[in-house]
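S.K.: Sharing a model that was predicted from the sequence below.
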Amino acid sequence: MKYESKTQIVLICLLICGLSLSGCGLLSTQTKLPQDTATNTASDQSSTQTAANTIVLKIDSTTMTVNGSSRTIPAPPVIREGRTLVPVRVVSEAMSASVYWLEKTKQIRIVEGGNEIILTIGSKEMIIGGVTKTMDVEPMIIGGSTYVPLRFISENLGAEIAWNNDTREITITR
């Protein structure tokens, strides 16, 4: 599947930001992840990742690793409607993107460089670089944090996801 170059770069940067906040881990016997993840509200942060990144998240755990560095996150990944959802802020900021919460429209705006992704709470449509795409699970607010489907977001950033059913861990690599 081909992506527009600017869109792919933005998505990759978002994934890398998420990875740098969460740490890294070794891939073990993993199979495909049966769900998507999401993240949270607004922030301005900038960090640059140049090498391949690995992010490891665990369902219901507030600890993630990015490239071997363990970090505490404010909200854990969860499974809803058969999909893995992650806090949008955690993943996006780990990829050097800025995240903004647009209260009036209940939208999440993720900006990296000159590119942007717009997600709306309760809507399966998402806008990436001006192009509308449909997700199978809409972003939602859980316990005060905004969650998005992990697989759809990560794959649109050019990342691969692995699921370890025994440990309930998600490994994102790019």
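M.R.: Structure received.
S.K.: which residues of this protein fall in helices?
M.R.: 5-22, 88-93, 150-156 (DSSP state H).
S.K.: which strands and helices sit next to the last one?
M.R.: Meaning helix 150-156. Helix 150-156 is packed against helix 5-22, strand 83-87, helix 88-93, strand 160-164, strand 169-173, with contacts defined by 3 or more Cβ pairs under 8 Å, 6 or more residues apart in numbering; DSSP states H and E. Using the backbone N, CA and C atoms, a C-beta is placed for each residue, glycine as well.
S.K.: Quick one: residues contacting the closest residue to Thr167 other than its chain neighbours.
M.R.: Leaving aside its sequence neighbours, Thr167 sits nearest to Lys58 (Cβ to Cβ, 6 or more residues apart in numbering; 6.8 Å). If you count contacts by Cβ atoms under 8 Å, 6 or more residues apart in numbering, Lys58 has them with 64, 76-77, 167-170.
S.K.: What residues are bridge-paired with Lys58?
M.R.: Glu169 (DSSP bridges).
S.K.: Test for you: state the pLDDT assigned to it.
M.R.: pLDDT recorded at Lys58 is 95.
S.K.: do the same with the one 10 residues further on
M.R.: Each residue has a pLDDT score; the one for Gly68 is 90.
S.K.: burial of it, as a residue count?
M.R.: The tally of other residues near Gly68 (other Cβ atoms under 10 Å) stands at 11.
S.K.: Any stretches of the chain with poor pLDDT?
M.R.: For the chain, the stretches with pLDDT under 70 are 1-52, 95-96, 156-158, 174.
S.K.: got TSV for the contacts of Lys58, with neighbour count and distance to Ser98 too?
M.R.: Shown next, in TSV, are those (neighbours: other Cβ atoms under 10 Å; distance: Cβ to Cβ, whole Å):
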residue	neighbour count	distance to Ser98
Met64	30	19
Pro76	20	23
Pro77	28	21
Thr167	15	32
Arg168	15	30
Glu169	22	28
Ile170	27	23
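S.K.: Just name the closest of these to Tyr147, please.
M.R.: For Tyr147, the closest of these turns out to be Pro77, at 8.3 Å, with distances computed as Cβ to Cβ.
S.K.: I'd like to know the phi and psi angles of the closest one, please.
M.R.: When read as degrees, to the nearest 10, the backbone of Pro77 gives phi -60, psi 150.
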